[in-house]
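Asker: kindly generate the corresponding structure for this input.
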Amino acid sequence: MRTNVWRSCVWAAALAAAVLPGKSWSIGIEDVVDGGNNYNWELVELPGTICSDGSQYRFWVHDSASSNHLLIMYEGGGACWDYETCSGQAGVLGAANPNGIPTDYITQFKAQYVSPLVNGADPGIPLRPKNDIATNGFDVAYMPYCTGDVHVGNRVVTYNDPSGQNPPIVFRHNGYNNSIAALDFLAGRFPNIGKMVVTGFSAGGVASSALYYEARRTLLPNEGYLLNDSGPIFPAPDSSYNSHPLHSLIEDQWNLDSLYDQLPAAFDPNDFGSINAMIATEYPNDQLAYVGYSTDFNFSRFSYERFFPNLSQAQILAKWQADQANLLSRLDDFSNYSFHVPWHRPINDSHCVSIITFIGSHSCPKVRKKKWYEFWEFPWSQSWKCPSGNMPFETFLDRFILNNQVTRKVEPFNEYNLEDPGMSIVGPLINDALSGA
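Answerer: Next up is the predicted model:
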């Protein structure tokens, strides 16, 4: 980790020089990372698939022509279940793309830059080139998100403004029907799949787990992989569990029965979180993984803020960490489940491990404060050290996808990324680019 810090200092210094030439400047994501893709995307519009406003749902397919491996990426972007969250009043705690998916969406920021997994490379910044990762050369299906229901709802709802000042919103939670139609299309488009990686970030992470069974039985790949980035479906069988209020609400509001009715007997419809065990049981030879930060202050707010009023950030994160620990304990029972759980990075409120760049996404299970005789080690501002066991996320992916190797890393409390002098420059720039997207 010391070498990575030194390099990040150099990269960040170069980056700052590149994008801060004067007093007046603006940042685009292309200024921060050498990311993005130039794929020849195929636009797909299927009859009957719609966004929340009734407009045509669209997704995109890239055929690499160099392999028969397929990556299915479910896009994230919040969720909604009432007027405030579905109208946009809730800001970040609302639903993405309420006005539908434009025909050039695949060239816009999120689709082009947000996922190194889609792009097949961890993007570089000045003086740091792109590095190919395990999904390089894969065929790709990119599934945008515009239904506010983590891609699995099936209900049309009229949401009324409680203040009476604005007209009602007719919101079409049509994610399930869109997702099933898309999987049926992909089965015809890619009839002979070697490795299939079903993944997603945030709301798309939820979708990756919720839809894995359908994807697996529809596309029939030779090998199956589930990679859920920061969209955990926590076990919550009764009201004593922190995520039970959220699960109860969305089950009704989005009519998750459409999803539940298609799942095998190993799934317990009284516990959405039982889907993790169901997948592991149904597909014992597949490789499954959950990745996410212990201090995720985005998804944790979705999970608890509106159900447990007046919680502080520390109290919200305490609930998150309790649920996360319970999930990891359950996953530990299955020999085909990996997990990669870093503590914190000051990018996007520690939400999502695999987006934009893998900088700061390592997990060190033995990270600790430097001993007094280690403070001479560069950088001198860094008071934390990983003496052994550090796992960069790209290494985790290689082991997971290329080698079918189960890896389990959980990082304890630390402020390593907060003290990383490179991250102190790179992090704010990426956050500025994200907030301006």
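Asker: give me the neighbour count for Asp252.
Answerer: 12 (other CB atoms under 10 Å). All C-beta atoms are positioned from the backbone trio N, CA, C, and that covers glycine.
Asker: over to the one 10 residues further on?
Answerer: Applying other CB under 10 Å, we find 13 residues neighbouring Gln262.
Asker: with the one 10 residues further on instead?
Answerer: Burial measure for Phe272: 27 neighbouring residues, criterion other CB under 10 Å.
Asker: pLDDT score for it?
Answerer: Note for Phe272: predicted pLDDT of 98.
Asker: ok, the one 5 residues further on next?
Answerer: Reading off the confidence values, Ala277 has pLDDT 98.
Asker: same question for the one 10 residues further on.
Answerer: At Gln287, the pLDDT value in this model is 98.
Asker: residues in contact with it?
Answerer: Applying CB atoms under 8 Å, 6 or more residues apart in numbering to Gln287 gives the contacts 223-226, 336, 338, 400-401, 404, 406.
Asker: what do you get for Ser209?
Answerer: Per CB under 8 Å, 6+ apart, neighbours of Ser209: 226, 228, 231-233, 275-276, 279.
Asker: using JSON lines, please lay out those residues together with neighbour count.
Answerer: Output for the contacts of Ser209, formatted as JSON lines (neighbours: other CB atoms under 10 Å):
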{"residue": "Leu226", "neighbour count": "28"}
{"residue": "Asn228", "neighbour count": "28"}
{"residue": "Gly231", "neighbour count": "25"}
{"residue": "Pro232", "neighbour count": "26"}
{"residue": "Ile233", "neighbour count": "22"}
{"residue": "Ile275", "neighbour count": "23"}
{"residue": "Asn276", "neighbour count": "26"}
{"residue": "Ile279", "neighbour count": "27"}
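Asker: just the closest of the contacts of Gln287 to Leu317, please.
Answerer: Closest approach between the contacts of Gln287 and Leu317, by CB to CB: Ser338, at 23.5 Å.
Asker: pLDDT weak spots in the stretch 301-437 of the chain?
Answerer: 436-437 (pLDDT under 70).
Asker: and the helices in it, which stretches?
Answerer: 313-331, 393-397, 416-419, 423-435 (DSSP state H, counting those that start in this stretch).
Asker: in stretch 368-383, what's buried?
Answerer: Under the neighbour-count criterion of 16 or more other CB atoms under 10 Å, stretch 368-383 has Gln382 buried.
Asker: what do you get for stretch 158-176?
Answerer: So, applying 16+ other CB under 10 Å, buried residues of stretch 158-176: 159, 169, 171-176.
Asker: so which of those residues belong to helices?
Answerer: If you go by DSSP state H, the buried residues of stretch 158-176 have 175-176 in helices.
Asker: taking the buried residues of stretch 158-176, tell me the two that lie furthest apart.
Answerer: For those, with distances taken as CB to CB, the pair at the greatest spread is Ile169 and Tyr176 (19.9 Å).
Asker: residues in contact with the closest residue to Val341 other than its chain neighbours?
Answerer: Distance criterion CB to CB, 6 or more residues apart in numbering; nearest residue to Val341, sequence neighbours excluded, is Val410 at 4.5 Å. By CB under 8 Å, 6+ apart, the contact list for Val410 reads 294, 328, 339, 341, 363, 365.
Asker: can you put those in JSON lines and add distance to Thr135 and neighbour count?
Answerer: As requested, those are exported to JSON lines (distance: CB to CB, whole Å; neighbours: other CB atoms under 10 Å):
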{"residue": "Ser294", "distance to Thr135": "25", "neighbour count": "20"}
{"residue": "Leu328", "distance to Thr135": "24", "neighbour count": "16"}
{"residue": "Phe339", "distance to Thr135": "19", "neighbour count": "23"}
{"residue": "Val341", "distance to Thr135": "21", "neighbour count": "21"}
{"residue": "Ser363", "distance to Thr135": "19", "neighbour count": "27"}
{"residue": "Pro365", "distance to Thr135": "25", "neighbour count": "15"}
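Asker: JSON lines for the residues you listed, including distance to Gln313?
Answerer: Below are those laid out as JSON lines (distance: CB to CB, whole Å):
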{"residue": "Ser294", "distance to Gln313": "13"}
{"residue": "Leu328", "distance to Gln313": "22"}
{"residue": "Phe339", "distance to Gln313": "24"}
{"residue": "Val341", "distance to Gln313": "19"}
{"residue": "Ser363", "distance to Gln313": "22"}
{"residue": "Pro365", "distance to Gln313": "25"}
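Asker: now, which of these sits nearest Val206?
Answerer: For the contacts of Val410, the nearest to Val206 is Phe339 (16.1 Å; CB to CB).
Asker: out of the helices of the stretch 301-437 of the chain, which gets nearest to Gly78?
Answerer: Closest among the helices of the stretch 301-437 of the chain, once you apply CB to CB, is helix 423-435, at 13.6 Å.
Asker: distance between that closest one and the chain's centre?
Answerer: Relative to its chain's centre, helix 423-435 lies at 18 Å (CA atoms, centre = their mean, to the nearest Å).
Asker: report pLDDT for Gln253.
Answerer: Reported pLDDT for Gln253: 97.
Asker: what's the distance between it and Thr107?
Answerer: 33 Å (CB to CB, to the nearest Å).
Asker: tell me the one among the buried residues of stretch 158-176 nearest to Val197.
Answerer: Once CB to CB is applied, the member of the buried residues of stretch 158-176 that ends up nearest Val197 is Gly175, at 20.2 Å.
Asker: what sits against Phe267?
Answerer: So Phe267 contacts 260, 274-275, 278 (CB under 8 Å, 6+ apart).
Asker: ok, so of the contacts of Ser209, who is nearest Thr147?
Answerer: Checking the contacts of Ser209 against Thr147 by CB to CB gives Gly231 as the nearest, at 15.0 Å.
Asker: without its sequence neighbours, what residue ends up closest to that closest one?
Answerer: Gly205 (2.2 Å).
Asker: same question, Ile133
Answerer: Distances taken as CB to CB, 6+ apart place Glu394 nearest to Ile133, at 5.2 Å, with adjacent residues excluded.
Asker: repeat that for Thr85.
Answerer: With CB to CB, 6+ apart, the residue lying closest to Thr85 is Gly94, at 4.6 Å.
Asker: just give me the neighbour total for that neighbour.
Answerer: Going by other CB under 10 Å, the residues that sit close to Gly94 add up to 19.
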